[in-house]
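The sequence and its predicted three-dimensional model are supplied below.
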Protein chains: 2
Amino acid sequence: MPASARPKTRAAASPRRTPSPRASRKPATVAQIVGVLRARIARQDIPPGAKLRETDLAEEFGVARTRIRDSLAALEQRGLVERIPNRGAVVTRLDLSQVFHIYELREVLEGLCARLATERTQPERWQRELELFQGPMKELIASNELDLYIERYEALRRALIEAAGNPLLAEMLDTIYEKTQVLIRRILILPGRAEIGRQQHVAMLEAMVRGKAELAELRRREGLKSARAHLEKFQKYIL
Amino acid sequence: MPASARPKTRAAASPRRTPSPRASRKPATVAQIVGVLRARIARQDIPPGAKLRETDLAEEFGVARTRIRDSLAALEQRGLVERIPNRGAVVTRLDLSQVFHIYELREVLEGLCARLATERTQPERWQRELELFQGPMKELIASNELDLYIERYEALRRALIEAAGNPLLAEMLDTIYEKTQVLIRRILILPGRAEIGRQQHVAMLEAMVRGKAELAELRRREGLKSARAHLEKFQKYIL
DNA sequence: GTCAACACTTTTGTTGACAAAATTCCTGCA
DNA sequence: TGCAGGAATTTTGTCAACAAAAGTGTTGAC
């Protein structure tokens, strides 16, 4: 009854007793691989237009090709990679029109995010952030410490998304943000842009501290509209 | 001959000359399978909470299980299906909070869509649609021909998305719309809702015909806000 | 009669091999 | 030398078998 089963083909032996013969590490999950690849693309470790060979990646991560394949499919869904049938996956190169499309979306989505965050938290919640952007952040811009500035800017961004409490919105903002991440530095060094952006953040945070949700939305939208205008003006320096 | 062979490396023969031994059709692509499954889920052919067994689907579509697997991964990314490790994929059951999150997003995204569509077309472009919603659509509601009404409503929707000319926006609207598709009928039969919705569409189209992009955005947002309010009021009849 | 442990079945997850397409490299001809 | 044609190699796509996990049914002790 129990044995005798398995009548297919394939003789019994097949002693595959080595889970990972090369690395002695437990194999990376799809999520981990996607994370690593995302980071590399974001910091242009892998430049736009570069090809991602499945075999190479499989070897590097010490996993079967199937898992790399799944990871690439995930990256494709996120729009970070383009796959051409029988040709493989290449890092998407974003052109100017795409950037503007992204800004159109950011305008309404981050506006919504600001409104929801205001509605769903106590106004005092944002006092600290307001003071940060009124004082220390101004210094950072003046002394050109962009890395620290960006780090704190992203912290505010994450706090707003968290406070908005809409997972779908969070995911969409994530998707479009990671595409422009490579641009942030280049935009921030445009003449005057960083300081203008800071002032607009102060304006938005003031509205939030006063509990004016719709005003906060409006101010965030204005901020992004002006960022887009700046971008339009200096587009040849960006891409 | 068939068994016992296949030593390891790649002997010459290997006569797998039957591409699809069962169906005599060429196998369906991942995109096709995803399409079929999407439709089934949308019209609740497969009810929420139902399990999708890979083996069954593979048999039905006449493809290898791998391809079904890829399709399910795509559906998972779209949020139509949830996958639990070693347990399989089940159709996502959307709860009330998710629905409200979706409406928050629709409000700003469809508002943006209306604005862009207005900015990027000639005002006359929308004259026909305006007349349709002023006249014939009113009759359809009065005589309760919901199917035809929905069909034309979706045609307008598609036209707006097309005219807006922002692929990213189009994709996002698609993603969130297909999740609520199952609800549309149930919302439309709420007392008075269909007629109110029609009037709001007329208001938006009037703005568009006059070339007032920002007004069109505002009106679309108002329309969805009121839809959400209606939903809140009658939520127990919806879910 | 109830419940826990165990064996069996079903279903999902992963792997390596094979097939097909595209690219590269080589050869022969003008 | 330049290049068209074609073999050889690389690379992606697909498949069926194998392994592991969860689910199910049965038996036996109390």
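It's in.

Can you tell me the closest non-neighbouring residue to A:His201?
Distances taken as CB to CB, 6 or more residues apart in numbering or on different chains place A:Phe133 nearest to A:His201, at 5.0 Å, with adjacent residues excluded. C-beta: built from backbone N, CA, C; applies to glycine.

So which elements touch the helix or strand hosting A:His101?
Per DSSP states H and E, A:His101 falls inside helix A:96-119. Judged by 3 or more CB pairs under 8 Å, 6 or more residues apart in numbering or on different chains; DSSP states H and E, the packing partners of helix A:96-119 are helix A:146-164, helix A:167-188, helix A:193-209, helix A:213-233, helix B:96-119, helix B:167-188.

So A:Arg83: helix, strand or coil?
State at A:Arg83, reduced to three classes by DSSP: H, G, I helix; E, B strand; the rest coil: strand.

beta partners of it?
For A:Arg83, the beta-bridge partners are A:Ala89 (DSSP bridges).

I'd like to know how many residues surround it.
Using other CB atoms under 10 Å in any protein chain shown, the number of residues around A:Arg83 comes to 15.

so who does the residue in chain A positioned nearest to chain B touch?
Closest approach of chain A to chain B (CB to the nearest CB) occurs at A:Val108, with a separation of 4.1 Å. Contact analysis of A:Val108 by CB atoms under 8 Å, 6 or more residues apart in numbering or on different chains lists A:221, B:108-109, B:111-112.

how about a markdown table for the residues you listed, with distance to DNA strand C added?
Converted to a markdown table, those look like this (distance: CB to the nearest atom of the strand, whole Å):
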| residue | distance to DNA strand C |
| --- | --- |
| A:Arg221 | 42 |
| B:Val108 | 35 |
| B:Leu109 | 32 |
| B:Gly111 | 39 |
| B:Leu112 | 37 |
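
Enumerate the positions of the helix holding A:His101 that are buried.
Using 16 or more other CB atoms under 10 Å in any protein chain shown as the test for burial, helix A:96-119 gives A:98-99, A:101-119.

Just want the angle from the next helix-or-strand element following it to helix A:193-209.
Heading C-terminal from helix A:96-119, the first helix or strand you meet, by DSSP H and E, is helix A:127-134. Per axes from the mean of the first three to the mean of the last three CA atoms, to 10 degrees, the angle that helix A:127-134 makes with helix A:193-209 is 160 degrees.

elements contacting helix A:127-134?
Counting by 3+ CB pairs under 8 Å, 6+ apart, the packing neighbours recorded for helix A:127-134 are helix A:146-164, helix A:193-209.

Would you tell me whether the first one gets close to chain B?
No. Judged by CB under 8 Å from any CB of the partner chain, helix A:146-164 and chain B are separated, with a smallest distance of 8.9 Å.

Kindly report the same for stretch A:41-59.
No. Contact of stretch A:41-59 with chain B is not found when judged by CB under 8 Å from any CB; the minimum separation is 14.4 Å.

So what's the gap between that stretch and the chain middle?
Chain-centre distance of stretch A:41-59: 17 Å, with CA atoms, centre = their mean, to the nearest Å.

now swap in stretch A:224-239 and tell me
With CA atoms, centre = their mean, you get 20 Å for stretch A:224-239.

What residues of that stretch count as buried?
Within stretch A:224-239, the residues that qualify as buried are A:224-225, A:227-228, A:230-231, counting by 16+ other CB under 10 Å.

Looking at those residues, which is nearest DNA strand D?
DNA strand D lies nearest to A:Leu231 out of these, by CB to the nearest atom of the strand, at 33.7 Å.

I'd like the distance between the residue nearest to the spatial centre of chain A and A:Met208.
Taking CA atoms, centre = their mean, the centroid of chain A lies closest to A:Glu178, which sits 2.5 Å from it. Distance from A:Glu178 to A:Met208, counting by CB to CB, to the nearest Å: 25 Å.

ok, now A:Glu195?
20 Å.

Could you find which two of the contacts of A:Val108 are furthest from each other?
The span of the contacts of A:Val108, defined through CB to CB, is set by A:Arg221 and B:Leu109 at 13.6 Å.
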